[in-house]
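Q: With the input below, show me the fold.
(2 chains)
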Amino acid sequence: MAPLDPKNARRVAGVELNALGLAGVLPLDRLGGAEVSAEATPVHDIDGEVLFYRLPVVRGRERLGAVDIAVQPALGEPLLAWADGLAWDPDALVGQAREQAYRRRHKVEQSDEARFVAFSYPKLAVQFLRDGEEVVMLELFTWAPVPPAEPGDRKPLEPANFERWSLLKELPPRTRKARSTLYDKRLAAIDKLEYRLTAHLLDPDAWREILVYKLVDTRQLRYSLRSSYHTPCYELRGQETNVWCVGASSQMLLDFYRYEYTQDRLAQELGLGTKANPNGLPYSQVGHVVTALESLTSNGLDVTMVTNPGFATFRTEIRANRPLISFVPGHSRTVAGYTETLLPILASGPSRGLLVYDPWPPNAGVITKWENFATQTYQYAYTAKVGTI
Amino acid sequence: MDAADRARARAAESHDTAALAGAPIRVRDAAGSQVAWFVPLVAGEALAGFVELLPDLTHRRTSWFGSPPGSPHGCPPAAWWTDPEVVSQRAAATLRPDETAGTPYLSFDTAPDRLAWAVPVDGPGGPRTIFVAGEAVWSGPAVSGPG
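A: Sure, this is the predicted structure:
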(Lines give C-alpha, C1' and ligand atoms only; values in the text may rest on other atoms or scores of the structure.)
Protein backbone atom coordinates (compact mmCIF):
# COMPACT_ATOMS: atom_id res chain seq x y z
CA MET A 1 0.00 0.00 0.00
CA ALA A 2 1.45 3.38 -1.03
CA PRO A 3 2.18 5.76 1.86
CA LEU A 4 -0.43 8.44 2.48
CA ASP A 5 0.26 11.76 0.83
CA PRO A 6 -1.03 15.01 2.37
CA LYS A 7 -4.11 15.03 0.14
CA ASN A 8 -5.14 11.52 1.15
CA ALA A 9 -4.27 12.19 4.78
CA ARG A 10 -6.78 15.05 4.70
CA ARG A 11 -9.42 12.74 3.23
CA VAL A 12 -8.77 10.01 5.81
CA ALA A 13 -8.87 12.59 8.60
CA GLY A 14 -12.27 13.74 7.35
CA VAL A 15 -13.68 10.21 7.34
CA GLU A 16 -12.30 9.40 10.78
CA LEU A 17 -13.57 12.59 12.37
CA ASN A 18 -16.99 12.27 10.74
CA ALA A 19 -17.13 8.69 12.07
CA LEU A 20 -16.25 9.87 15.58
CA GLY A 21 -18.94 12.50 15.29
CA LEU A 22 -21.51 9.91 14.24
CA ALA A 23 -20.48 7.62 17.06
CA GLY A 24 -20.97 10.45 19.55
CA VAL A 25 -17.31 10.42 20.55
CA LEU A 26 -16.93 13.98 19.30
CA PRO A 27 -19.83 16.38 19.78
CA LEU A 28 -21.64 17.15 16.54
CA ASP A 29 -22.05 20.82 17.41
CA ARG A 30 -18.30 21.07 17.88
CA LEU A 31 -17.51 19.66 14.46
CA GLY A 32 -20.48 20.76 12.38
CA GLY A 33 -19.47 23.12 9.59
CA ALA A 34 -15.77 22.66 10.25
CA GLU A 35 -13.24 21.22 7.85
CA VAL A 36 -9.86 19.55 7.86
CA SER A 37 -7.39 22.05 6.49
CA ALA A 38 -5.23 21.20 3.49
CA GLU A 39 -2.16 22.44 5.36
CA ALA A 40 -0.72 19.10 6.42
CA THR A 41 2.44 19.38 8.49
CA PRO A 42 4.72 16.37 8.16
CA VAL A 43 6.16 15.16 11.46
CA HIS A 44 9.30 13.09 11.06
CA ASP A 45 10.87 10.27 12.96
CA ILE A 46 14.40 10.84 14.25
CA ASP A 47 15.66 8.96 11.21
CA GLY A 48 13.94 11.31 8.84
CA GLU A 49 10.94 9.30 7.69
CA VAL A 50 7.56 11.00 7.85
CA LEU A 51 5.71 9.47 10.80
CA PHE A 52 2.43 11.33 10.53
CA TYR A 53 0.74 14.47 9.29
CA ARG A 54 -0.78 16.98 11.63
CA LEU A 55 -3.71 18.79 10.07
CA PRO A 56 -5.55 21.73 11.63
CA VAL A 57 -9.32 21.58 11.85
CA VAL A 58 -10.84 24.97 11.20
CA ARG A 59 -14.17 26.69 10.94
CA GLY A 60 -13.66 29.87 8.96
CA ARG A 61 -10.76 31.58 10.69
CA GLU A 62 -11.32 29.73 13.95
CA ARG A 63 -8.87 26.93 14.73
CA LEU A 64 -10.79 24.19 16.54
CA GLY A 65 -8.06 21.61 17.00
CA ALA A 66 -5.68 19.37 15.12
CA VAL A 67 -5.77 15.80 13.95
CA ASP A 68 -2.78 13.46 13.53
CA ILE A 69 -2.93 10.95 10.67
CA ALA A 70 -0.29 8.21 10.54
CA VAL A 71 1.81 7.69 7.46
CA GLN A 72 3.76 4.78 8.92
CA PRO A 73 1.67 1.60 9.14
CA ALA A 74 3.67 0.57 12.22
CA LEU A 75 1.71 3.17 14.18
CA GLY A 76 -1.27 0.81 14.00
CA GLU A 77 -4.17 3.12 13.10
CA PRO A 78 -4.52 5.95 10.60
CA LEU A 79 -6.11 8.20 13.23
CA LEU A 80 -3.53 8.79 15.94
CA ALA A 81 -4.96 11.69 17.87
CA TRP A 82 -7.44 14.52 17.95
CA ALA A 83 -6.23 17.50 19.96
CA ASP A 84 -9.29 19.52 20.84
CA GLY A 85 -8.62 23.24 21.03
CA LEU A 86 -5.04 23.01 19.77
CA ALA A 87 -4.44 26.02 17.52
CA TRP A 88 -1.80 24.39 15.34
CA ASP A 89 0.16 27.06 13.49
CA PRO A 90 3.41 25.52 12.21
CA ASP A 91 4.83 28.74 10.75
CA ALA A 92 4.42 30.56 14.05
CA LEU A 93 6.00 27.65 15.93
CA VAL A 94 9.01 27.55 13.63
CA GLY A 95 9.30 31.33 14.08
CA GLN A 96 9.31 30.96 17.85
CA ALA A 97 11.84 28.17 17.66
CA ARG A 98 14.09 30.25 15.43
CA GLU A 99 13.92 33.16 17.86
CA GLN A 100 14.78 30.90 20.81
CA ALA A 101 17.67 29.43 18.87
CA TYR A 102 19.07 32.89 18.10
CA ARG A 103 18.93 33.75 21.76
CA ARG A 104 20.89 30.64 22.59
CA ARG A 105 23.40 31.46 19.85
CA HIS A 106 22.70 28.49 17.66
CA LYS A 107 23.56 29.27 14.08
CA VAL A 108 20.10 28.74 12.67
CA GLU A 109 20.51 31.60 10.22
CA GLN A 110 22.70 29.17 8.27
CA SER A 111 20.00 26.50 8.23
CA ASP A 112 18.17 25.74 5.01
CA GLU A 113 15.36 23.62 6.43
CA ALA A 114 13.19 23.50 9.54
CA ARG A 115 11.00 20.50 10.24
CA PHE A 116 8.97 18.91 13.00
CA VAL A 117 10.37 15.77 14.56
CA ALA A 118 8.84 13.33 17.03
CA PHE A 119 12.13 13.05 18.91
CA SER A 120 10.58 10.90 21.63
CA TYR A 121 7.15 10.00 20.29
CA PRO A 122 4.78 11.72 20.90
CA LYS A 123 7.01 14.56 22.10
CA LEU A 124 7.73 17.02 19.30
CA ALA A 125 10.60 19.33 18.46
CA VAL A 126 11.61 21.72 15.71
CA GLN A 127 14.77 20.58 13.98
CA PHE A 128 16.92 23.02 11.98
CA LEU A 129 19.06 21.49 9.26
CA ARG A 130 21.77 22.64 6.93
CA ASP A 131 22.63 20.42 3.96
CA GLY A 132 20.75 17.65 5.70
CA GLU A 133 22.80 17.95 8.91
CA GLU A 134 21.22 19.05 12.15
CA VAL A 135 22.10 22.50 13.42
CA VAL A 136 19.94 22.27 16.52
CA MET A 137 16.70 20.64 17.66
CA LEU A 138 14.50 22.44 20.19
CA GLU A 139 11.69 20.80 22.07
CA LEU A 140 8.35 22.37 21.25
CA PHE A 141 7.16 24.99 23.73
CA THR A 142 9.98 24.45 26.31
CA TRP A 143 12.53 25.28 23.57
CA ALA A 144 15.12 23.21 25.35
CA PRO A 145 17.77 21.78 23.00
CA VAL A 146 17.28 18.04 22.57
CA PRO A 147 20.64 16.37 23.36
CA PRO A 148 22.35 14.20 20.75
CA ALA A 149 21.73 10.47 20.83
CA GLU A 150 23.86 8.65 23.37
CA PRO A 151 25.06 5.15 22.67
CA GLY A 152 23.67 2.93 25.40
CA ASP A 153 22.40 -0.52 26.11
CA ARG A 154 18.95 0.30 27.46
CA LYS A 155 15.96 -1.82 26.51
CA PRO A 156 13.93 -0.75 23.47
CA LEU A 157 10.99 1.58 24.16
CA GLU A 158 12.35 2.51 27.59
CA PRO A 159 13.93 5.89 26.90
CA ALA A 160 15.18 8.34 29.47
CA ASN A 161 13.11 11.40 30.27
CA PHE A 162 14.70 13.69 27.69
CA GLU A 163 16.28 11.55 25.05
CA ARG A 164 15.98 11.33 21.28
CA TRP A 165 15.08 7.90 19.97
CA SER A 166 13.41 6.35 16.94
CA LEU A 167 10.01 4.84 17.42
CA LEU A 168 10.27 2.98 14.14
CA LYS A 169 13.63 1.47 15.03
CA GLU A 170 12.67 0.40 18.53
CA LEU A 171 9.31 -1.21 17.85
CA PRO A 172 9.74 -4.99 18.09
CA PRO A 173 9.30 -6.62 14.66
CA ARG A 174 6.24 -8.61 15.78
CA THR A 175 4.48 -5.53 17.13
CA ARG A 176 5.39 -3.64 14.01
CA LYS A 177 3.95 -6.35 11.81
CA ALA A 178 0.75 -6.70 13.82
CA ARG A 179 0.20 -2.95 13.87
CA SER A 180 0.90 -2.67 10.16
CA THR A 181 -1.73 -5.30 9.44
CA LEU A 182 -4.32 -3.37 11.44
CA TYR A 183 -3.39 -0.12 9.75
CA ASP A 184 -3.56 -1.58 6.26
CA LYS A 185 -6.93 -3.20 6.98
CA ARG A 186 -8.44 0.01 8.21
CA LEU A 187 -7.08 2.06 5.35
CA ALA A 188 -8.33 -0.52 2.85
CA ALA A 189 -11.79 -0.37 4.43
CA ILE A 190 -11.78 3.41 4.25
CA ASP A 191 -10.75 3.20 0.60
CA LYS A 192 -13.78 1.02 -0.08
CA LEU A 193 -16.18 3.72 1.06
CA GLU A 194 -17.96 5.73 -1.55
CA TYR A 195 -16.19 9.03 -1.26
CA ARG A 196 -17.25 12.43 -2.05
CA LEU A 197 -14.75 15.02 -3.14
CA THR A 198 -15.59 16.90 0.04
CA ALA A 199 -14.56 14.20 2.51
CA HIS A 200 -12.58 16.79 4.46
CA LEU A 201 -15.76 18.68 5.39
CA LEU A 202 -17.04 17.74 8.83
CA ASP A 203 -20.73 17.07 8.57
CA PRO A 204 -21.33 13.77 10.39
CA ASP A 205 -25.05 13.63 9.56
CA ALA A 206 -24.31 13.76 5.87
CA TRP A 207 -22.05 10.74 6.34
CA ARG A 208 -24.60 8.68 8.21
CA GLU A 209 -25.63 6.63 5.20
CA ILE A 210 -22.13 6.06 3.93
CA LEU A 211 -20.54 5.25 7.25
CA VAL A 212 -23.30 3.40 9.02
CA TYR A 213 -24.51 1.36 6.09
CA LYS A 214 -21.16 0.86 4.46
CA LEU A 215 -19.37 0.07 7.67
CA VAL A 216 -21.77 -2.78 8.16
CA ASP A 217 -22.34 -4.78 5.04
CA THR A 218 -25.51 -6.74 5.67
CA ARG A 219 -28.18 -8.39 3.61
CA GLN A 220 -30.93 -10.94 4.00
CA LEU A 221 -33.14 -12.76 1.55
CA ARG A 222 -35.99 -10.84 0.04
CA TYR A 223 -38.67 -11.57 -2.48
CA SER A 224 -36.33 -10.27 -5.14
CA LEU A 225 -33.11 -8.35 -5.47
CA ARG A 226 -35.07 -5.09 -5.62
CA SER A 227 -34.62 -4.67 -1.90
CA SER A 228 -35.90 -1.10 -1.74
CA TYR A 229 -39.52 -2.25 -1.93
CA HIS A 230 -39.46 -5.95 -1.06
CA THR A 231 -39.43 -7.04 2.54
CA PRO A 232 -37.48 -9.99 3.92
CA CYS A 233 -38.95 -13.17 2.54
CA TYR A 234 -37.99 -16.40 4.21
CA GLU A 235 -39.74 -18.68 6.66
CA LEU A 236 -38.70 -20.92 9.50
CA ARG A 237 -39.70 -24.58 9.71
CA GLY A 238 -39.07 -26.56 12.87
CA GLN A 239 -37.90 -30.13 12.39
CA GLU A 240 -40.76 -32.52 13.04
CA THR A 241 -38.62 -35.17 14.75
CA ASN A 242 -35.42 -34.89 16.75
CA VAL A 243 -33.38 -36.13 13.76
CA TRP A 244 -34.99 -34.47 10.75
CA CYS A 245 -32.90 -31.32 10.57
CA VAL A 246 -31.89 -32.09 6.98
CA GLY A 247 -35.53 -32.59 6.01
CA ALA A 248 -36.57 -29.32 7.63
CA SER A 249 -33.64 -27.46 6.09
CA SER A 250 -34.56 -28.82 2.66
CA GLN A 251 -38.15 -27.78 3.25
CA MET A 252 -37.14 -24.19 4.04
CA LEU A 253 -35.00 -23.94 0.93
CA LEU A 254 -37.66 -25.48 -1.31
CA ASP A 255 -40.39 -23.27 0.18
CA PHE A 256 -38.40 -20.22 -0.86
CA TYR A 257 -38.65 -21.41 -4.47
CA ARG A 258 -42.37 -22.29 -4.03
CA TYR A 259 -41.92 -26.05 -4.03
CA GLU A 260 -44.22 -27.31 -1.30
CA TYR A 261 -43.25 -30.59 0.30
CA THR A 262 -44.07 -32.05 3.68
CA GLN A 263 -41.23 -33.25 5.86
CA ASP A 264 -42.65 -36.78 5.61
CA ARG A 265 -42.27 -36.66 1.84
CA LEU A 266 -38.81 -35.13 2.08
CA ALA A 267 -37.77 -37.79 4.59
CA GLN A 268 -38.81 -40.43 2.08
CA GLU A 269 -36.69 -38.81 -0.65
CA LEU A 270 -33.69 -38.24 1.65
CA GLY A 271 -33.86 -41.64 3.34
CA LEU A 272 -34.70 -40.28 6.79
CA GLY A 273 -37.21 -42.96 7.76
CA THR A 274 -40.73 -42.20 8.91
CA LYS A 275 -42.08 -39.97 11.62
CA ALA A 276 -42.75 -43.04 13.76
CA ASN A 277 -39.28 -44.42 13.13
CA PRO A 278 -37.05 -41.55 12.02
CA ASN A 279 -33.33 -41.51 11.43
CA GLY A 280 -30.76 -38.83 10.62
CA LEU A 281 -28.80 -38.51 7.40
CA PRO A 282 -25.60 -40.56 7.67
CA TYR A 283 -22.41 -38.65 6.84
CA SER A 284 -21.78 -41.11 4.03
CA GLN A 285 -24.93 -39.78 2.37
CA VAL A 286 -24.28 -36.03 2.46
CA GLY A 287 -24.02 -35.93 -1.33
CA HIS A 288 -27.54 -37.28 -1.54
CA VAL A 289 -28.95 -33.87 -0.60
CA VAL A 290 -27.89 -32.62 -4.04
CA THR A 291 -29.64 -35.37 -5.98
CA ALA A 292 -32.75 -35.26 -3.79
CA LEU A 293 -33.26 -31.51 -4.18
CA GLU A 294 -32.63 -31.64 -7.91
CA SER A 295 -34.99 -34.56 -8.27
CA LEU A 296 -37.73 -32.91 -6.19
CA THR A 297 -37.57 -29.84 -8.44
CA SER A 298 -37.28 -31.81 -11.67
CA ASN A 299 -33.87 -30.18 -12.05
CA GLY A 300 -35.44 -26.76 -11.78
CA LEU A 301 -32.79 -26.11 -9.13
CA ASP A 302 -29.13 -26.64 -9.81
CA VAL A 303 -27.73 -27.74 -6.44
CA THR A 304 -24.04 -27.78 -5.50
CA MET A 305 -22.37 -29.10 -2.38
CA VAL A 306 -19.48 -26.96 -1.10
CA THR A 307 -17.07 -28.54 1.37
CA ASN A 308 -15.73 -26.32 4.18
CA PRO A 309 -17.45 -23.18 2.91
CA GLY A 310 -15.94 -19.84 3.80
CA PHE A 311 -17.78 -16.62 4.57
CA ALA A 312 -17.53 -15.59 0.92
CA THR A 313 -19.66 -18.57 -0.13
CA PHE A 314 -22.51 -17.40 2.09
CA ARG A 315 -22.08 -13.74 1.15
CA THR A 316 -22.07 -14.46 -2.58
CA GLU A 317 -25.23 -16.56 -2.41
CA ILE A 318 -27.17 -14.13 -0.24
CA ARG A 319 -26.17 -11.22 -2.45
CA ALA A 320 -27.70 -13.22 -5.31
CA ASN A 321 -30.83 -13.67 -3.16
CA ARG A 322 -30.37 -17.40 -2.75
CA PRO A 323 -30.66 -19.30 0.58
CA LEU A 324 -28.19 -22.04 1.48
CA ILE A 325 -28.34 -25.20 3.55
CA SER A 326 -25.48 -25.27 6.05
CA PHE A 327 -24.16 -28.39 7.73
CA VAL A 328 -22.30 -27.95 10.99
CA PRO A 329 -21.10 -30.86 13.12
CA GLY A 330 -24.17 -32.96 13.94
CA HIS A 331 -26.72 -30.54 12.60
CA SER A 332 -28.19 -28.83 9.54
CA ARG A 333 -29.73 -25.38 9.19
CA THR A 334 -30.31 -22.82 6.48
CA VAL A 335 -28.68 -19.43 6.01
CA ALA A 336 -30.72 -16.45 4.86
CA GLY A 337 -28.51 -13.46 5.52
CA TYR A 338 -25.13 -12.18 6.59
CA THR A 339 -23.60 -9.21 8.27
CA GLU A 340 -20.05 -8.07 8.12
CA THR A 341 -18.48 -5.19 9.96
CA LEU A 342 -16.04 -3.44 7.69
CA LEU A 343 -14.77 -0.93 10.23
CA PRO A 344 -15.04 -1.72 13.93
CA ILE A 345 -15.36 1.84 15.18
CA LEU A 346 -19.13 2.19 15.02
CA ALA A 347 -20.14 -1.39 15.52
CA SER A 348 -20.47 -3.78 18.36
CA GLY A 349 -21.03 -7.50 18.38
CA PRO A 350 -19.66 -9.99 15.92
CA SER A 351 -17.62 -8.72 13.02
CA ARG A 352 -18.97 -11.48 10.75
CA GLY A 353 -22.26 -13.15 11.31
CA LEU A 354 -24.84 -15.28 9.58
CA LEU A 355 -28.61 -15.11 9.77
CA VAL A 356 -29.48 -18.74 10.46
CA TYR A 357 -32.91 -20.31 10.21
CA ASP A 358 -32.38 -23.24 12.52
CA PRO A 359 -34.98 -26.05 12.66
CA TRP A 360 -33.83 -26.89 16.20
CA PRO A 361 -35.52 -27.30 18.70
CA PRO A 362 -38.02 -29.80 17.27
CA ASN A 363 -41.40 -28.45 16.21
CA ALA A 364 -40.28 -24.89 16.85
CA GLY A 365 -36.93 -23.83 15.47
CA VAL A 366 -35.21 -20.54 16.10
CA ILE A 367 -34.00 -17.67 13.99
CA THR A 368 -30.44 -16.85 14.91
CA LYS A 369 -29.53 -13.27 14.23
CA TRP A 370 -26.57 -13.40 14.34
CA GLU A 371 -24.34 -16.46 14.56
CA ASN A 372 -20.74 -15.49 15.17
CA PHE A 373 -18.97 -16.89 12.12
CA ALA A 374 -15.71 -17.21 14.02
CA THR A 375 -17.16 -19.63 16.57
CA GLN A 376 -18.78 -22.19 14.28
CA THR A 377 -17.40 -25.03 12.14
CA TYR A 378 -18.94 -25.05 8.68
CA GLN A 379 -18.65 -28.50 7.14
CA TYR A 380 -20.79 -28.30 4.04
CA ALA A 381 -22.99 -25.77 2.32
CA TYR A 382 -25.54 -26.49 -0.37
CA THR A 383 -26.19 -23.75 -2.87
CA ALA A 384 -29.23 -23.86 -5.10
CA LYS A 385 -29.63 -21.86 -8.26
CA VAL A 386 -32.66 -21.71 -10.52
CA GLY A 387 -31.67 -23.40 -13.75
CA THR A 388 -32.07 -21.82 -17.14
CA ILE A 389 -35.62 -22.22 -18.39
CA MET B 1 -19.51 -9.65 39.86
CA ASP B 2 -19.57 -13.44 39.52
CA ALA B 3 -19.35 -15.47 36.28
CA ALA B 4 -23.12 -15.63 35.76
CA ASP B 5 -23.46 -11.87 36.24
CA ARG B 6 -20.73 -11.30 33.69
CA ALA B 7 -22.46 -13.64 31.24
CA ARG B 8 -25.73 -11.80 31.74
CA ALA B 9 -24.09 -8.42 31.19
CA ARG B 10 -22.34 -9.71 28.08
CA ALA B 11 -25.59 -11.13 26.71
CA ALA B 12 -27.30 -7.79 27.16
CA GLU B 13 -24.86 -6.35 24.62
CA SER B 14 -26.00 -8.87 22.01
CA HIS B 15 -29.56 -7.74 21.45
CA ASP B 16 -31.47 -4.49 21.31
CA THR B 17 -35.03 -5.50 22.12
CA ALA B 18 -37.27 -5.06 25.12
CA ALA B 19 -36.69 -8.69 26.15
CA LEU B 20 -34.85 -9.00 29.44
CA ALA B 21 -31.79 -11.13 29.90
CA GLY B 22 -32.66 -13.71 32.56
CA ALA B 23 -30.43 -15.73 34.83
CA PRO B 24 -27.69 -17.43 32.78
CA ILE B 25 -27.64 -21.23 32.81
CA ARG B 26 -24.48 -23.25 32.29
CA VAL B 27 -24.60 -25.66 29.34
CA ARG B 28 -22.64 -28.79 30.21
CA ASP B 29 -21.57 -31.84 28.27
CA ALA B 30 -22.21 -35.37 29.52
CA ALA B 31 -18.95 -35.27 31.49
CA GLY B 32 -20.07 -32.14 33.32
CA SER B 33 -17.72 -29.68 31.61
CA GLN B 34 -19.20 -26.33 30.77
CA VAL B 35 -19.39 -25.74 27.01
CA ALA B 36 -21.46 -22.56 26.92
CA TRP B 37 -23.71 -20.10 28.72
CA PHE B 38 -27.39 -20.02 27.84
CA VAL B 39 -28.83 -16.61 28.68
CA PRO B 40 -32.62 -16.58 28.26
CA LEU B 41 -34.26 -13.49 26.79
CA VAL B 42 -37.57 -13.24 28.53
CA ALA B 43 -40.63 -11.23 27.52
CA GLY B 44 -43.21 -11.58 30.28
CA GLU B 45 -43.86 -15.31 30.71
CA ALA B 46 -42.49 -16.15 27.27
CA LEU B 47 -39.03 -17.08 26.15
CA ALA B 48 -38.42 -14.65 23.28
CA GLY B 49 -35.01 -16.09 22.56
CA PHE B 50 -31.62 -16.67 24.06
CA VAL B 51 -28.02 -15.63 23.79
CA GLU B 52 -25.39 -18.34 23.72
CA LEU B 53 -21.91 -17.44 24.89
CA LEU B 54 -18.78 -19.55 25.03
CA PRO B 55 -17.37 -20.05 28.55
CA ASP B 56 -14.96 -17.15 27.95
CA LEU B 57 -18.04 -15.01 27.14
CA THR B 58 -17.36 -14.87 23.41
CA HIS B 59 -20.70 -14.33 21.69
CA ARG B 60 -21.73 -17.46 19.80
CA ARG B 61 -25.25 -16.63 18.72
CA THR B 62 -28.41 -14.74 19.52
CA SER B 63 -31.48 -16.78 18.60
CA TRP B 64 -35.16 -15.92 18.57
CA PHE B 65 -38.33 -17.90 18.85
CA GLY B 66 -41.54 -16.62 17.35
CA SER B 67 -42.45 -15.09 14.07
CA PRO B 68 -41.40 -12.45 13.31
CA PRO B 69 -38.36 -12.85 15.54
CA GLY B 70 -38.84 -11.21 18.89
CA SER B 71 -42.65 -11.14 18.72
CA PRO B 72 -44.57 -13.15 21.33
CA HIS B 73 -46.30 -15.27 18.67
CA GLY B 74 -44.92 -18.77 18.75
CA CYS B 75 -42.65 -18.21 21.74
CA PRO B 76 -42.60 -21.02 24.29
CA PRO B 77 -43.18 -20.34 27.98
CA ALA B 78 -39.86 -19.45 29.54
CA ALA B 79 -40.27 -22.19 32.13
CA TRP B 80 -39.94 -24.86 29.44
CA TRP B 81 -36.30 -23.91 28.98
CA THR B 82 -35.36 -22.48 32.35
CA ASP B 83 -37.15 -24.47 35.03
CA PRO B 84 -35.61 -27.89 35.85
CA GLU B 85 -38.87 -28.83 37.59
CA VAL B 86 -40.85 -28.47 34.34
CA VAL B 87 -38.17 -30.49 32.53
CA SER B 88 -38.35 -33.23 35.16
CA GLN B 89 -42.12 -33.45 34.80
CA ARG B 90 -41.86 -33.85 31.03
CA ALA B 91 -39.19 -36.53 31.39
CA ALA B 92 -41.19 -38.34 34.07
CA ALA B 93 -43.98 -38.97 31.61
CA THR B 94 -41.63 -41.15 29.52
CA LEU B 95 -40.00 -43.13 32.33
CA ARG B 96 -40.19 -46.89 32.06
CA PRO B 97 -41.32 -49.00 35.00
CA ASP B 98 -38.88 -48.92 37.92
CA GLU B 99 -36.75 -46.19 36.35
CA THR B 100 -35.69 -43.20 38.43
CA ALA B 101 -34.71 -39.82 37.03
CA GLY B 102 -31.77 -37.76 38.25
CA THR B 103 -31.30 -34.01 38.26
CA PRO B 104 -31.75 -32.36 34.84
CA TYR B 105 -28.97 -30.19 33.44
CA LEU B 106 -28.91 -28.06 30.33
CA SER B 107 -26.85 -29.86 27.72
CA PHE B 108 -27.12 -30.98 24.10
CA ASP B 109 -27.83 -34.13 22.15
CA THR B 110 -24.76 -35.16 20.15
CA ALA B 111 -23.83 -31.66 18.91
CA PRO B 112 -23.80 -28.32 20.78
CA ASP B 113 -26.23 -26.86 18.25
CA ARG B 114 -28.85 -29.37 19.40
CA LEU B 115 -29.49 -27.74 22.78
CA ALA B 116 -31.62 -29.79 25.13
CA TRP B 117 -32.00 -30.56 28.81
CA ALA B 118 -30.51 -33.91 29.72
CA VAL B 119 -32.15 -36.02 32.39
CA PRO B 120 -30.01 -38.93 33.56
CA VAL B 121 -32.12 -42.00 34.20
CA ASP B 122 -31.29 -45.30 35.89
CA GLY B 123 -33.31 -48.49 36.01
CA PRO B 124 -33.40 -52.20 35.30
CA GLY B 125 -32.47 -51.65 31.64
CA GLY B 126 -29.32 -49.71 32.60
CA PRO B 127 -28.57 -45.98 32.54
CA ARG B 128 -29.84 -43.79 29.74
CA THR B 129 -30.45 -40.11 29.09
CA ILE B 130 -33.79 -38.53 28.33
CA PHE B 131 -33.54 -35.29 26.39
CA VAL B 132 -36.10 -32.53 26.67
CA ALA B 133 -36.19 -29.56 24.28
CA GLY B 134 -39.33 -27.54 24.77
CA GLU B 135 -42.22 -29.92 24.16
CA ALA B 136 -40.05 -32.56 22.50
CA VAL B 137 -38.91 -35.49 24.65
CA TRP B 138 -36.80 -38.36 23.38
CA SER B 139 -34.19 -40.89 24.26
CA GLY B 140 -32.11 -43.01 21.99
CA PRO B 141 -28.75 -43.63 20.40
CA ALA B 142 -26.57 -40.68 19.46
CA VAL B 143 -27.17 -39.33 15.99
CA SER B 144 -24.37 -40.33 13.61
CA GLY B 145 -24.89 -37.57 11.03
CA PRO B 146 -26.61 -34.21 10.89
CA GLY B 147 -29.96 -34.47 12.63
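Q: Name all residues that make contact with residue 91.
A: Reading this off chain A. Neighbour list for A:D91: empty [criterion: CB atoms under 8 Å, 6 or more residues apart in numbering or on different chains]. Every residue, glycine included, has its C-beta placed from N, CA and C.
Q: switch to chain B, that's the one I care about
A: B:A101, B:P104, B:V119, B:V121, B:I130, B:V132, B:V137.
Q: Beyond the helix or strand containing the fourth one, next helix or strand please.
A: Same thing as B:V121. Here B:V121 sits within strand B:115-122, counting by DSSP states H and E. With elements assigned by DSSP H and E, the helix or strand that comes after strand B:115-122 is strand B:128-133.
Q: ok, and does that next one reach over to chain A?
A: Yes: in terms of CB under 8 Å from any CB of the partner chain, part of strand B:128-133 sits within range of chain A, namely B:F131, B:A133.
Q: Stretch B:14-29 now?
A: Yes: Stretch B:14-29 reaches chain A (CB under 8 Å from any CB) through B:S14.
Q: contacts for that stretch?
A: Counting by CB under 8 Å, 6+ apart, residues outside stretch B:14-29 touching it are A:349, B:4, B:7-8, B:11-12, B:34-43, B:48-49, B:51-53, B:59, B:62, B:70, B:78, B:82, B:105-108, B:112, B:115.
Q: Ok, stretch A:107-120 next?
A: In contact with stretch A:107-120 (CB under 8 Å, 6+ apart) are residues A:41-46, A:51-52, A:54, A:90, A:93-94, A:97-98, A:101-102, A:124-131, A:135-137, A:139-140, A:146, A:159, A:162-165, A:167.
Q: try stretch B:39-47
A: Stretch B:39-47 has contacts (CB under 8 Å, 6+ apart) with B:7-8, B:10-11, B:15, B:17-25, B:48-53, B:62, B:64-66, B:72, B:75-82.
Q: if we go to 6 Å?
A: For stretch B:39-47, the surrounding residues in contact (CB atoms under 6 Å, 6 or more residues apart in numbering or on different chains) are B:7-8, B:11, B:19-22, B:24, B:48-51, B:72, B:75-78, B:81-82.
Q: Flag every buried residue along stretch A:188-195.
A: A:A189, A:I190, A:L193 (16 or more other CB atoms under 10 Å in any protein chain shown).
Q: circling back to that earlier point, out of the contacts of stretch B:39-47, which are buried?
A: B:7-8, B:11, B:19, B:21-22, B:24, B:48-51, B:75-76, B:78, B:81-82.
Q: follow-up on the earlier one: include pLDDT when you put the buried residues of stretch A:188-195 into TSV, please.
A: Shown next, in TSV, are those (pLDDT from 0 to 100):
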residue	pLDDT
A:A189	80
A:I190	85
A:L193	76
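Q: Going by distance to chain B, which of these wins?
A: Nearest to chain B, judged by CB to the nearest CB, of those is A:A189 at 21.5 Å.
Q: Pretty sure that closest one sits in a helix.
A: Yes: counting by DSSP: H, G, I helix; E, B strand; the rest coil, A:A189 is found in a helix.
Q: Look up how far A:L225 lies from A:R319.
A: According to CB to CB, to the nearest Å, A:R319 and A:L225 sit 9 Å apart.
Q: If you could redo that for A:T368, that was the one I meant.
A: From A:T368 to A:L225 the distance is 24 Å (CB to CB).
Q: Which residue of the two possesses the greater neighbour count?
A: Comparing A:T368 with A:L225 by neighbour count (other CB atoms under 10 Å in any protein chain shown), the higher total belongs to A:T368, at 25 against 10.
Q: can I assume that one sits in a helix?
A: No: applying three-state DSSP, one finds A:T368 to be strand, outside a helix.
Q: quick revisit: in JSON lines: the contacts of B:A91, plus neighbour count and pLDDT.
A: Below are the contacts of B:A91 laid out as JSON lines (neighbours: other CB atoms under 10 Å in any protein chain shown; pLDDT from 0 to 100):
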{"residue": "B:A101", "neighbour count": "18", "pLDDT": "97"}
{"residue": "B:P104", "neighbour count": "22", "pLDDT": "98"}
{"residue": "B:V119", "neighbour count": "26", "pLDDT": "98"}
{"residue": "B:V121", "neighbour count": "21", "pLDDT": "97"}
{"residue": "B:I130", "neighbour count": "26", "pLDDT": "97"}
{"residue": "B:V132", "neighbour count": "26", "pLDDT": "98"}
{"residue": "B:V137", "neighbour count": "20", "pLDDT": "97"}
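Q: Nearest to A:T291 among the residues you listed?
A: B:V137 (33.7 Å; CB to CB).
Q: Just list the residues touching that closest one, thanks.
A: So B:V137 contacts B:R90, B:T94 (CB under 6 Å, 6+ apart).
Q: Can you classify it as helix, strand or coil?
A: Taken by three-state DSSP, the conformation at B:V137 corresponds to strand.
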